[in-house]
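A.B. asks: here you go, sequence then predicted model.
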Amino acid sequence: MASVPLWLYTTAGCHLCARLEATLQALGADVTLTRVEIAFDAQLSERYATRIPVLASASGAEYSLADGEEVLPEWLRAQGVEQRLEQGVEITPPAEHDSATEPQSPALRNGRRFLR
């Protein structure tokens, strides 16, 4: 079966986006991931700013971490994504992280968004 194209709506410094990508890798999801930066598009920012990371399929189906990580494998199957989950691999909730590693908040300058 061929790799399934998915789009990941994301922004710079998104630790949840990195976690979702790691989860896809742990699941052995056979996908071709296209990262879509939402920061420079007002419509994308409005639609996804509070929901990222969001995965979207060619059919328009969307998955967000807000849907729950436990539903990701089923969502992927519904999109035709083959998974090679190794026995014993589990999706685990995020560990508590300290504020020192928290991504920096963005600043707007001349209509562009930058990390401080």
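C.D. replies: Happy to help now that I have it.
A.B. asks: where does the chain dip in pLDDT?
C.D. replies: The model of the chain has pLDDT under 70 over residues 1, 85-116.
A.B. asks: all strands of it, in order?
C.D. replies: For the chain, applying DSSP state E gives strands covering 4-10, 31-37, 54-57, 62-64, 106-109, 112-115.
A.B. asks: what about the helices in this protein?
C.D. replies: Secondary structure of the chain by DSSP state H: the helices cover 15-27, 42-48, 72-78.
A.B. asks: closest to residue 65 out of these?
C.D. replies: Each of these has some distance to residue 65 by C-beta to C-beta; the shortest is helix 15-27, at 5.9 Å. Every residue, glycine included, has its C-beta placed from N, CA and C.
A.B. asks: by contact count, what packs against that closest one?
C.D. replies: Packing partners of helix 15-27 (3 or more C-beta pairs under 8 Å, 6 or more residues apart in numbering; DSSP states H and E): strand 4-10, strand 31-37, helix 72-78.
A.B. asks: and residue 6, how far from residue 42?
C.D. replies: 23 Å (C-beta to C-beta, to the nearest Å).
A.B. asks: could you say which of the strands of the chain is packed most deeply?
C.D. replies: Greatest average neighbour count among the strands of the chain goes to strand 54-57 (a mean of 22), per mean count of other C-beta atoms under 10 Å.
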